[in-house]
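J.: predicted structure and sequence below. I'll ask about it afterward.
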Amino acid sequence: MGERAMKIIMLGAPGAGKGTQAKKIAEKYSIPHISTGDIFRANIKENTPLGAKVKGYMDEGLLVPDELVADLVVDRVDKDDCVNGYVLDGFPRTIPQAEALSNALDNKGQSIDFAIDVEVPDGNIVKRMSGRRACIGCGATYHLEFAPPIKEGHCDKCEGELILRDDDKAETVMKRLSVYHEQTMPLIEYYKKAGKLRIVDGTLDIDEVFNAIAEILEA
Ligand code: ADP
Ligand code: AMP
């Protein structure tokens, strides 16, 4: 896509399809996909000090403290590969995180272009997350029913083993949903007031959701 900057935030409940859509956006518009969850999981896998700090929160379905997330993203979007935009997946998740991002962008004379809310009712979420399988090699995600791999249990891209994330187990999913309602949903109003909010129906098929997003981005 030409010179139009695309600084995009994905909003939505855990399991709404933010990551699935963010990957497709990143591919189509050649911008980086920045997932704080993926960054944390990579740090845990590599036993880094950051990984050690965040693991307990993630396992419990709680948010990692704002101060461990905000600087990380603010530094990341300063990198050269972000000059034409980026798609943030899983950040911001609290109002203070959104303000930290907004202040950092303000200082550069920039702002977010779109906050896309992938709307899925709570009733669909448990099924989405209990069927989600992630590749331990490359992090690609599948769904047993809605987006199955070609070969059962193995990643289409790297042949890695597909696993159920610990935090996708039913008990933790309920906790994550309540955390979403309390701490993250206020962002919908926040971006609405800023004139950035766009809502898509996340219950549609993956490709239909993506078509709706592409229409918004290209309008
Ligand atoms: P999030 O990043 O919001 O937590 P994911 O993108 O990982 O969510 O999607 C959660 C699960 O639901 C995954 O297993 C994914 O394959 C599946 N999924 C994503 N979008 C859809 C959709 N539109 N319809 C059905 N299943 C979907
Ligand atoms: P995700 O992969 O986006 O579902 O994130 C998995 C987990 O990582 C969340 O349940 C949180 O514990 C943590 N996490 C990811 N992004 C953030 C964020 N922006 N703020 C706080 N915690 C986060």
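T.: Received the coordinates, thanks. Ligands and ions are numbered 1, 2, ... in the order given.

J.: distance of the residue nearest the centre of the chain from Asn47?
T.: By Cα atoms, centre = their mean, the chain has its centre lying nearest to Asp89, at 2.5 Å. From Asp89 over to Asn47 the distance is 24 Å, taken as Cβ to Cβ, to the nearest Å. In this view, the C-beta of every residue, glycine as well, is placed from N, C-alpha and C.

J.: go on, Gly90?
T.: Counting by Cβ to Cβ, the gap from Gly90 to Asn47 is 22 Å.

J.: wait, Ile125 sits on Val118?
T.: No: the pair Ile125 / Val118 is not scored as a contact, 11.4 Å apart, by Cβ atoms under 8 Å.

J.: who's more crowded, these two?
T.: When neighbours are counted by other Cβ atoms under 10 Å, Ile125 and Val118 differ, and Val118 comes out ahead with 25 against 21.

J.: how far does stretch 139-155 sit from its chain's centre?
T.: If you compare the mean C-alpha spot of stretch 139-155 with that of the full chain, they lie 18 Å apart, counting by Cα atoms, centre = their mean, to the nearest Å.

J.: so where is the chain shaky, pLDDT-wise?
T.: Within the chain, the set of residues satisfying pLDDT under 70 comprises 1-5.

J.: close to ligand 2: what parts of it are there?
T.: Taking Cβ under 6 Å from any ligand atom as the test, the list of the chain residues beside ligand 2 reads 14, 36-37, 40, 57-58, 61-64, 69, 90-93, 97, 167, 176.

J.: buried stuff in stretch 152-172?
T.: When burial is assessed from 16 or more other Cβ atoms under 10 Å, stretch 152-172 yields the following buried residues: His154, Cys155, Gly160, Leu162, Arg165, Asp167, Asp168, Thr172.

J.: just the ones of these in strands?
T.: Secondary structure assignment (DSSP state E) places Leu162 from the buried residues of stretch 152-172 within strands.
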